[in-house]
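Colleague: Give me coordinates for this.
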Amino acid sequence: MFNALKSALSRFVDIVAKAPLTEKKLEDILWDFKLMLLESDVAVEVAEQICDQLTQRLVGTLVKRFGGEKEALARQALYETLLDVLKAGGAVSIDEVLREKKAQKEPLVAVFVGINGTGKTTSLAKLAHYILKRGYSVVLACSDTYRAGAIEQLEYHAKRLGVRMIKRPYGSDPASVAYDAVEYAKARGISAVLVDTAGRMETNKNLMEEMRKIARVARSDLTIFVGDLLTGNDAVEQAREFSKYVDLSGSILTKADADTRGGAAISVAYVTKKPILFLGTGPRYEDLVEFVPEEFVKRLLST
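Modeller: You can find the predicted model right below:
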């Protein structure tokens, strides 16, 4: 997982540790490092931000050090820099939001958005499982009233999870389905409403406006972007465009177990200025890993 990015980080530490450094030498090393980051699917603006922060952290301290101390300083500078990038949008805890909504006697409403084929419906089902395991109740809403088989797909997950699903016939107003689900949850004291929406290309303004309407009508507490890490920088651009239409709360990034590059995960967090909530790491409901930036960066820098 994320082999290319791990390799780039490791290579940077090795070069810094062994090179007789001057400010000019460090500049050359960071130029090469930026190219390695780009090859690892880190977006250009994010690679530049990482290198700028490393320059600020290392110039004036690292160039005066020698031996193993340089390696430790380089590794610490990378750790702090990557954490800053990943934490650019703060943090959101699903567990805390659930507790807050429970205290308010209101359901948590989460709307899932993204393009076709990224795993929105599966990620929604995984989050439903996550919430159920914590003792809360869930209702699903199928606001994808266009894609053939969408209702049946979500219904399959609802039956497996043992929860109710709110639906309407294909062609119905998707926002009204979300509204009905929220009202259903309020009337029955259900803890969470998870709203599935139709996949839409970020270039289709009409469908993006419809997505905005769904989030508004449902009064979503969380609007979650679902992106496929295997699409690399495409996922970054999708997240950027979706964030222009709705106030994203965070992202779930799928297929992390198959992503050999890793740069997109860092880039999505920085570009949207919103946290990564979970990584999808497999097909099972249990394969949804809560994203903890500190642990993530430590794994990237581990040897």
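Colleague: For the stretch 1-150 of the chain, which segments count as helices?
Modeller: Remark: helices assigned in the stretch 1-150 of the chain by DSSP state H, counting those that start in this stretch are 3-18, 23-39, 44-58, 68-86, 94-103, 120-133, 150-161.
Colleague: Any idea how many residues pack against the nearest residue to A91 once chain neighbours are set aside?
Modeller: In space, A91 comes closest to P275 once its chain neighbours are excluded; the distance is 5.3 Å by Cβ to Cβ, 6 or more residues apart in numbering. Heads up, the C-betas are built off the backbone N, CA and C, glycines and all. When neighbours are counted by other Cβ atoms under 10 Å, P275 registers 21.
Colleague: again with A141
Modeller: 32.
Colleague: List the contacts of the closest residue to it other than its chain neighbours.
Modeller: Distances taken as Cβ to Cβ, 6+ apart place A181 nearest to A141, at 3.4 Å, with adjacent residues excluded. Listed by Cβ atoms under 8 Å, 6 or more residues apart in numbering, the contact set of A181 reads 139-141, 166, 193, 195, 218.
Colleague: make it 7 Å
Modeller: A181 sits next to 139, 141, 166, 193, 195 when contact means Cβ atoms under 7 Å, 6 or more residues apart in numbering.
Colleague: For the third one, give me the pLDDT.
Modeller: At I166, the pLDDT value in this model is 98.
Colleague: and if you look at the last one?
Modeller: In this prediction, V195 carries a pLDDT score of 98.
Colleague: Over to the one 3 residues further on?
Modeller: pLDDT recorded at A198 is 90.
Colleague: ok so, going back, need the contacts of A181 in a markdown table with distance to G149, can you?
Modeller: Formatted as a markdown table, those follow (distance: Cβ to Cβ, whole Å):
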| residue | distance to G149 |
| --- | --- |
| V139 | 21 |
| A141 | 17 |
| I166 | 18 |
| V193 | 22 |
| V195 | 18 |
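Colleague: now the helices: where do they sit in the stretch 201-303 of the chain?
Modeller: For the stretch 201-303 of the chain, applying DSSP H, counting those that start in this stretch gives helices covering 205-218, 233-245, 263-272, 293-301.
Colleague: Just say which of these is most tucked in.
Modeller: Among the helices of the stretch 201-303 of the chain, the stretch with the highest mean neighbour count (mean count of other Cβ atoms under 10 Å) is helix 263-272, at a mean of 26.
Colleague: Report all helices and strands that that one contacts.
Modeller: Other elements packing on helix 263-272 under the criterion 3 or more Cβ pairs under 7 Å, 6 or more residues apart in numbering; DSSP states H and E are helix 44-58, helix 68-86, helix 233-245, strand 250-254, strand 276-280.
Colleague: How about the contacts made by Y136?
Modeller: Y136 neighbours (Cβ under 7 Å, 6+ apart): 98, 191-192.
Colleague: Can you pull the domain assignment for this structure?
Modeller: Domains of the chain are assigned by automatic domain parsing as 3-86, 94-301.
Colleague: about what we covered before: out of the helices and strands packed on helix 263-272, which is the most enclosed?
Modeller: The most buried one of the helices and strands packed on helix 263-272 (mean count of other Cβ under 10 Å) is strand 250-254, showing a mean of 26.
Colleague: That strand - contacts with which helices or strands?
Modeller: Going by 3+ Cβ pairs under 7 Å, 6+ apart, strand 250-254 lies up against strand 222-228, helix 263-272, strand 276-280.
Colleague: On the pLDDT front, check T260 for me.
Modeller: The model's pLDDT for T260 equals 86.
Colleague: how many neighbours does it have?
Modeller: With other Cβ under 10 Å as criterion, T260 counts 15.
Colleague: phi, psi of it?
Modeller: phi -90, psi -10 (degrees, to the nearest 10).
Colleague: I'd assumed L5 was in contact with it.
Modeller: No. Contact criterion Cβ atoms under 7 Å: T260 and L5 do not qualify, at 9.1 Å.
Colleague: Name the residues linked to the residue nearest the centre of the chain by a beta bridge.
Modeller: Central residue of the chain (Cα atoms, centre = their mean): S251, 2.8 Å from the mean position. Note on S251: beta-bridge partners by DSSP bridges are F225, I276.
Colleague: Would you confirm that it contacts G280?
Modeller: No. Contact between S251 and G280 fails when scored by Cβ under 7 Å: they sit 10.8 Å apart.
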